[in-house]
Every structure is written in structure tokens, then in C-alpha cells.
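Visitor: give me the fold of what follows.
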Amino acid sequence: MLSMASSPLLVVVTVVVVWTTRDVGAVRFRGQPWPQPASVSTSPEALVVLRNTFQFRASGSTCDILYEAFDRYYRIVFDKFTVRRGKKRLQFVPAAKRLSSLDVAVQNPCERYPSLEMDESYDLSVSQSGATLTAPAIWGALRGLETFSQLIYFSSDGYLQINLTEISDQPRFRWRGILLDTSRHFLPKEIIYQNLDAMAFNKINVFHWHIVDDNSFPYQSRDFPEMSIKGAYDPYTHVYTQGDVSDVIEYARLRGIRVTAEFDTPGHSQSWGNAITYLLTKCYSGGHFNGNYGPIDPTVSTTYQFLDSFIKELSEVFKDHYLHLGGDEVSFDCWKSNPNITDFMKKMGFGSDYSKLENHYMAKLLEIVDRHKTGAVVWQDVIDNGVQLHPDTVVEIWRDKEQAELAKVTASGLRAILSSPWYLDYIGYGEQWESYYKYEPINFNGTDAQKALVIGGEACLWAEYVDSTNVISRLWPRASAVAERLWSPKTVTDMNSASSRIEEHRCRMVRRGINAEPAIGPGFCPYEAYSGGE
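Guide: Predicted coordinates for the structure are as follows:
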């Protein structure tokens with residue numbers, strides 16, 4: 001709600017919902033935020049928040065992002081706080097016990113899109129004299145609004161209330177991501193929206209969109225539309241049109257989330273070759289083409305002509321500075337079998353070292369990316385194979401022995417993000433979130449300068465066995481554990497506190513429409529399998 005007329009009465013009559021259900025085993029809401037803020041102090045004294053008198057007010061810079069957030073969080077706080085099997089009665093709330101507004105002051109003009117360098121810090125104060133949220137940038141205001149919404153909970157007598165609280169907060173890491181794979185199984189746009197909502201609820205700021213792979217090519221290219229026509233599972237129902245991509249980027253922008261797309265090459269590119277027939281390497285057996293294709297052919301000029309045009313398109317469609325180039329799991333077998341490639345190897349003086357051929361390809365690809373003023377992210381395989389990377393390249397660590405790899409990558413002066421401890425497609429019985437939560441991302445022998453080059457991490461959900469029926473519950477709240485590890489200070493490690501807070505947060509997400517699975521053992525969330533009403 002953007003503005004409301006103030007009530008002239010000192011006493012307000014309102015209808016509130018009072019718990020009447022038996023709550024043995026129920027999640028107890030206490031207004032505990034997730035992830036844990038950097039600094040927080042609370043008082044047992046609380047103020048009541050009433051729908052018909054509360055308002056968000058802007059007292060600094062304004063923009064569409066802020067006003068849309070006011071509207072969104074008003075609905076989150078009030079429209080979704082429906083309680084099961086309650087009964088209504090009249091209550092009297094003195095004005096002195098009510099919180100009538102949250103004043104939000106964004107100190108600098110709004111930026112159009114979130115970026116790696118965005119400022120997400122904020123200060124939030126809820127006192128007897130009122131509530132204020134101050135942030136240098138719009139992105140911090142969004143994070144503060146999320147925290148404010150989490151502080152509000154139902155009291156035992158049925159009121160929405162918020163404890164007097166002082167918070168000063170900022171993230172530990174700048175890159176806090178979720179990878180979704182939409183090639184192995186297609187995910188409808190509405191499911192992506194749900195995940196973006198959940199990401200905002202957990203202060204995760206990067207949607208790593210692994211949009212295409214060997215299995216399918218659902219991205220409907222502006223300049224090469226035949227790639228999805230021939231590469232998607234279904235060219236009509238299982239594609240992301242240019243409008244869809246724009247919609248996802250806009251939905252993410254309004255929540256302070258970057259969309260970093262991945263187009264993995266030279267491997268993981270089988271679906272590309274269905275339309276770009278000259279792109280992939282022909283594989284040979286006994287001196288003859290055997291009908292199979294391998295990675296992109298790095299020896300012919302047509303490859304780089306195509307990539308130059310395609311990267312240009314991607315740099316214009318996807319608004320984030322960074323494009324994930326992949327570079328993992330490149331099999332050299334097909335390259336070794338192809339006589340044209342072996343001739344090229346001899347001509348270039350590469351001998352039998354096919355990592356030099358990969359180096360040749362990646363160097364040319366990085367030149368193309370740089371020409372289109374786009375930053376690059378690559379999987380660690382690229383640096384492991386000796387490829388010389390540009391200084392601003394970000395390396396994603398996904399294999400075992402990740403701490404040694406972090407030490408190696410940062411010793412070379414490159415920035416790194418970590419995902420290997422947080423592969424959420426590996427599932428097991430019990431409270432798996434604990435192992436994700438306990439993992440300390442910077443635990444290698446290195447200088448402070450090296451450790452500063454670790455800029456964050458990602459929780460990855462590969463989609464061999466995931467589609468729209470289970471992706472949300474598979475991700476959440478396990479990804480919430482990663483979210484707190486990447487946001488909160490290193491000292492936030494108390495598992496008892498985390499268990500209580502993640503149980504409340506999981507139930508909070510369920511109330512907000514996120515089909516998050518149980519985090520802790522037996523019990524119940526009052527909002528589970530509940531669609532609203534009374």
C-alpha cells in the first residue's frame with residue numbers, strides 16, 4: 001500500500017483472526033529473519049501492524065522498483081497472512097501500540113539493473129517512534145523490505161505484530177546464486193517466476209540460467225530461430241521466446257536479481273548442431289565419418305563467424321554484464337579421430353596435446369566476448385586445462401578438492417565462485433540442509449588478498465530428474481542454507497538457532513506460495529497444503 005489516510009481515532013476497531021487450532025508440534029512464529037542479519041538486536045516489546053492503517057512511505061529517491069516493491073510487500077504481509085480454522089472477534093488497539101508506517105529512504109538514484117557491484121546494505125529500525133529503512137541503493141532497500149516483512153508475525157492473541165528491532169545488514173559475498181537447468185527438462189516461465197520469488201525471500205541475487213545443453217535448445221534465438229525449431233523438445237510449447245526471456249529478466253530486475261545466462265561450449269553443444277550443421281566436429285572410426293558428432297569444431301573460421309554473431313545477440317538480449325561460457329567436460333576423443341583436426345594440430349605445432357586446441361578455441365571465444373563488452377564466467381575445467389584467461393574472468397569451482405582449486409585460481413589473480421559443496425541434485429534422507437549450512441566457503445591456505453577474490457557461490461540443481469513437478473520442493477529450503485552461508489557473517493554458525501529459524505522460514509515460504517519441503521523432522525506448518533480462506 002503506497003498511501004492511506006490516517007485514522008483520526010486514537011483507538012481503532014478492527015477484525016483480527018485469532019488462533020483456535022491445537023498447535024502441538026506446530027511451527028512457532030517469532031519473526032526470526034532468514035538469512036541472519038549482520039547485526040540485529042530485538043526487544044520483547046512489540047507493536048501491532050494493522051492492514052487498514054499501515055503504509056509504506058518513500059522519503060528518498062524513488063523509482064518503479066521501489067513502488068512495485070511497496071505493493072508486493074503489502075500483499076505479502078497482509079494478503080498472505082491467512083490463518084487456518086480461526087474465528088473472528090473485535091479487538092481494540094490503542095494508537096500508541098500500533099506501527100502505522102515504514103519510511104524508506106534510498107539515498108542515491110535508482111540503478112536500472114542489478115550488477116555484481118550493487119550495494120545491498122541497509123539499516124532498519126523499528127521503535128516506539130516509528131520504523132525507518134535507510135539504504136544507499138535501491139537494492140539494499142529491497143533486502144531491507146524483505147527483512148521487515150519477515151519480522152512481522154502473529155501474536156498469541158491473533159494480532160500481526162513486530163518486535164522493536166535494530167538491524168544493520170550487508171551481505172558477506174556479492175555473488176549468491178541459484179543454477180537452474182532448463183535443457184534436460186524444460187521449466188515453464190511460471191515456475192521460474194516462483195523460483196525468483198523464493199530467491200528474493202532468501203536474498204539470493206543471481207539466477208544462473210543454464211538455458212541450453214546437449215539435450216535441448218529451448219532458447220528462441222532472435223537471429224538464429226532455427227536453433228530452437230530444430231533443437232527444442234517441442235518448438236511451440238518448450239521454448240523461451242524473446243518475450244519470455246525479457247519477462248524473466250524484468251521479473252528478476254524488480255527483485256534485485258541478476259540473470260546470468262549460460263551457453264556452454266565447446267562441449268555440451270549437441271543440440272546446437274541440429275540447425276548449425278557446420279558447427280560440430282564429425283567423429284571418425286577407421287578413417288570414415290561414423291555418423292556421430294563431438295564438440296564444436298575449433299579449427300574452421302565459420303565457427304567463429306557464427307559465434308561472433310550469436311554472442312553479439314546474447315550481449316544485447318541478456319542485460320547482465322556476465323555471460324557464462326561453460327567450458328566443462330570437453331571430450332577430446334572426437335577431435336582426435338578427425339583427420340582435419342589432426343592436420344590442424346600439426347600445422348599449429350600443438351603435437352598431441354589437445355588441451356592446446358581447447359586453449360585456442362577459448363582464447364578466440366574470449367576475444368569475441370571482450371569485443372562485445374561482456375564479462376565471462378567459465379567452469380574450472382578451462383583453467384585446469386591451462387587456458388590463459390582474461391584477468392576479469394570469473395571461474396566457477398564445481399569439482400572435488402575445491403579448497404585446493406580455490407587456492408590455485410586465486411593465486412593466479414582470478415576471481416572465483418564456489419558451487420561444488422552445494423549440488424542440490426544429490427539427494428538423501430534426513431536433514432540435508434545442515435551439511436550445506438556448515439560448509440565454510442573460504443577454508444584454504446592463502447593470503448587475505450586471495451580470499452577476497454572468492455566473491456561468492458551458487459547452489460546448483462541439475463535437471464536429469466527434475467522438472468516443474470518437483471523443482472521447487474527439491475530446491476527449497478535446502479537452498480536457504482546456502483543463502484545464509486553466503487549472506488551472513490562467517491561467525492553465524494549456531495545450529496540450534498539455525499534449526500529454529502529455518503523451520504519458521506520454511507513455513508513462511510509455504511505461506512507465501514512456495515512449495516518448500518519440510519526442513520526439520522516431524523511437526524506441521526499451519527499453511528501447508530492450504531490455499532487460503534477461513
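
Visitor: residue 146: what's it in contact with?
Guide: Residues counted as contacts of residue 146 (C-beta atoms under 8 Å, 6 or more residues apart in numbering) are 73, 200-201, 203. For every residue, glycine as well, the C-beta is placed using N, CA and C.

Visitor: quick check, it in a strand?
Guide: No - counting by DSSP: H, G, I helix; E, B strand; the rest coil, residue 146 is located in no strand; its state is helix.

Visitor: which one (most neighbours) among the contacts of residue 146?
Guide: With neighbours taken as other C-beta atoms under 10 Å, the top of those is residue 203, carrying 26 neighbours.

Visitor: now, the contacts of residue 146 that are in helices?
Guide: The helices, defined by DSSP state H, take in 73, 200-201 from the contacts of residue 146.

Visitor: so which of those is the closest to residue 347?
Guide: Minimum distance to residue 347 across those is 52.6 Å, recorded for residue 200 (C-beta to C-beta).

Visitor: contacting residues for the closest one?
Guide: 142, 146, 255-257.

Visitor: just put the contacts of residue 146 in a markdown table and tack on distance to residue 327.
Guide: Listed next are the contacts of residue 146 as a markdown table, based on distance: C-beta to C-beta, whole Å:
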| residue | distance to residue 327 |
| --- | --- |
| 73 | 40 |
| 200 | 30 |
| 201 | 32 |
| 203 | 29 |
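
Visitor: before we move on, the earlier item: and which of the ones in helices among the contacts of residue 146 is nearest residue 244?
Guide: Nearest to residue 244, judged by C-beta to C-beta, of these is residue 200 at 19.5 Å.

Visitor: on the pLDDT front, check that closest one for me.
Guide: Residue 200 carries a pLDDT score of 98 in this model.

Visitor: report how many residues lie close to residue 289.
Guide: Residue 289 - counted by other C-beta under 10 Å - has 12 other residues nearby.

Visitor: residues near the closest residue to it other than its chain neighbours, how many?
Guide: Closest residue in space to residue 289, ignoring its immediate chain neighbours: residue 282 at 5.0 Å, by C-beta to C-beta, 6 or more residues apart in numbering. Per other C-beta under 10 Å, the neighbour tally for residue 282 reads 18.

Visitor: the one 4 residues further on too?
Guide: A count of neighbours around residue 286, defined by other C-beta under 10 Å, yields 6.

Visitor: now for residue 338: which residues touch it?
Guide: 281-284, 294, 297.

Visitor: pick out the most distant pair among those.
Guide: 284 and 297, at 12.7 Å, using C-beta to C-beta across the contacts of residue 338.

Visitor: these two: who's more crowded?
Guide: The neighbour comparison of residue 284 against residue 297 (other C-beta under 10 Å) goes to residue 297, with 23 against 19.

Visitor: and the more buried one, how far from residue 325?
Guide: As judged by C-beta to C-beta, to the nearest Å, residue 297 and residue 325 stand 17 Å apart.

Visitor: hang on, the earlier thing: who does the helix or strand where the residue nearest to residue 289 lies pair up with?
Guide: In this assignment (DSSP states H and E), residue 282 forms part of strand 280-285. If you go by DSSP bridges, strand 280-285 pairs up with strand 288-296 (antiparallel).

Visitor: which other residues reach the partner strand?
Guide: The list of residues contacting strand 288-296 from outside it, by C-beta under 8 Å, 6+ apart, reads 265-267, 269-270, 272-273, 279-284, 303, 330-331, 333-335, 338, 361.

Visitor: returning to that earlier point: next, the contact list for the residue nearest to residue 289, please.
Guide: Residue 282 makes contact with 289, 292-294, 297, 334, 338, according to C-beta under 8 Å, 6+ apart.

Visitor: rerun at 10 Å
Guide: By C-beta atoms under 10 Å, 6 or more residues apart in numbering, the contact set of residue 282 is 288-294, 297, 334, 337-341.

Visitor: kindly report the same for residue 314.
Guide: By C-beta under 10 Å, 6+ apart, the residues touching residue 314 are 219, 221-223, 261, 263, 323, 369, 372, 374.

Visitor: what about residue 98, how many neighbours?
Guide: 21.

Visitor: that one is in contact with residue 50, isn't it?
Guide: Yes - under the criterion of C-beta atoms under 10 Å, residue 98 makes contact with residue 50 at 6.0 Å.

Visitor: can you show me the helices along the stretch 51-200 of the chain?
Guide: For the stretch 51-200 of the chain, the helices defined by DSSP state H, counting those that start in this stretch occupy 64-74, 138-151, 189-201.

Visitor: give me whichever of those helices is most buried.
Guide: Greatest average neighbour count among these goes to helix 138-151 (a mean of 25), per mean count of other C-beta atoms under 10 Å.

Visitor: okay, the angle between that one and helix 189-201?
Guide: 80 degrees (axes from the mean of the first three to the mean of the last three C-alpha atoms, to 10 degrees).

Visitor: what is the rounded mean pLDDT of helix 138-151?
Guide: On average, helix 138-151 scores 98.

Visitor: mark which of the contacts of residue 282 are buried, thanks.
Guide: The neighbour count (16 or more other C-beta atoms under 10 Å) marks 293-294, 297, 334, 337-338, 341 as buried among the contacts of residue 282.

Visitor: name the nearest of those residues relative to residue 480.
Guide: Distance to residue 480 across those (C-beta to C-beta) is lowest for residue 294, with 39.7 Å.

Visitor: from residue 332, how far out is the closest one?
Guide: According to C-beta to C-beta, residue 294 and residue 332 sit 9 Å apart.

Visitor: do the same with residue 239
Guide: Here residue 239 is placed at a distance of 32 Å from residue 332 (C-beta to C-beta).

Visitor: and what of residue 451?
Guide: According to C-beta to C-beta, residue 451 stands 34 Å off from residue 332.

Visitor: what residues does the closest residue to residue 188 other than its chain neighbours make contact with?
Guide: Leaving aside its sequence neighbours, residue 188 sits nearest to residue 468 (C-beta to C-beta, 6+ apart; 5.6 Å). By C-beta under 10 Å, 6+ apart, residue 468 lies in contact with 185-188, 190-192, 194.

Visitor: got these as a markdown table, with distance to residue 404 columns?
Guide: Output for the contacts of residue 468, formatted as a markdown table (distance: C-beta to C-beta, whole Å):
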| residue | distance to residue 404 |
| --- | --- |
| 185 | 33 |
| 186 | 37 |
| 187 | 34 |
| 188 | 40 |
| 190 | 41 |
| 191 | 37 |
| 192 | 35 |
| 194 | 37 |
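
Visitor: what is the nearest of the residues you listed to residue 381?
Guide: residue 185 (23.9 Å).

Visitor: for that closest one, give me its contacts.
Guide: By C-beta under 10 Å, 6+ apart, the residues touching residue 185 are 215-216, 233, 238, 462-471.

Visitor: need the residues you listed in TSV with secondary structure, can you?
Guide: Shown next, in TSV, are the contacts of residue 185 (three-state DSSP):
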residue	secondary structure
215	coil
216	coil
233	coil
238	coil
462	coil
463	coil
464	coil
465	coil
466	coil
467	coil
468	coil
469	coil
470	coil
471	helix
